[in-house]
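Enquirer: Any chance you can model this:
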Amino acid sequence: MESKLAASFEAMKATLLSRMTAHEEKLEKVTAGNQPPADIAGLQSEYSDFKRFVLDALHSFGTQIELLSQGYDRHETVMRRKSTACP
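Expert: This next block holds a predicted model:
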């Protein structure tokens with residue numbers, strides 16, 4: 001289960017990063033002109049903030065998955081010890 005969860009998380013992260021990169025490239029092409037409109041420049045700034053937020057959230061999710069996995073492993077170990085200790 002752990003490996004499936006980790007693989008799914010990594011796939012989601014890779015997909016999100018590739019789509020964000022593609023969107024950034026499109027945005028760069030639009031703003032590559034002499035003087036991009038103010039709303040486009042504002043959009044670029046908002047997008048950067050959004051991307052930073054999403055990446056921070058993904059990092060937090062990854063940390064939570066890791067902590068939950070470790071907790072589950074400890075619980076499973078304790079339960080095994082109890083079952084082998086009891087007659």
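
Enquirer: For the residue nearest the centre of the chain, give me its contacts.
Expert: Centroid-nearest residue in the chain: residue 58, 2.4 Å away (criterion: C-alpha atoms, centre = their mean). Residue 58 makes contacts with 12, 13, 16, as judged by C-beta atoms under 8 Å, 6 or more residues apart in numbering. Using the backbone N, CA and C atoms, a C-beta is placed for each residue, glycine as well.

Enquirer: helix, strand or coil for it?
Expert: State at residue 58, reduced to three classes by DSSP: H, G, I helix; E, B strand; the rest coil: helix.

Enquirer: mind checking how far it is from residue 14?
Expert: 11 Å (C-beta to C-beta, to the nearest Å).

Enquirer: ok, residue 8 - how many residues close by?
Expert: Residue 8 has 11 neighbours, counted by other C-beta atoms under 10 Å.
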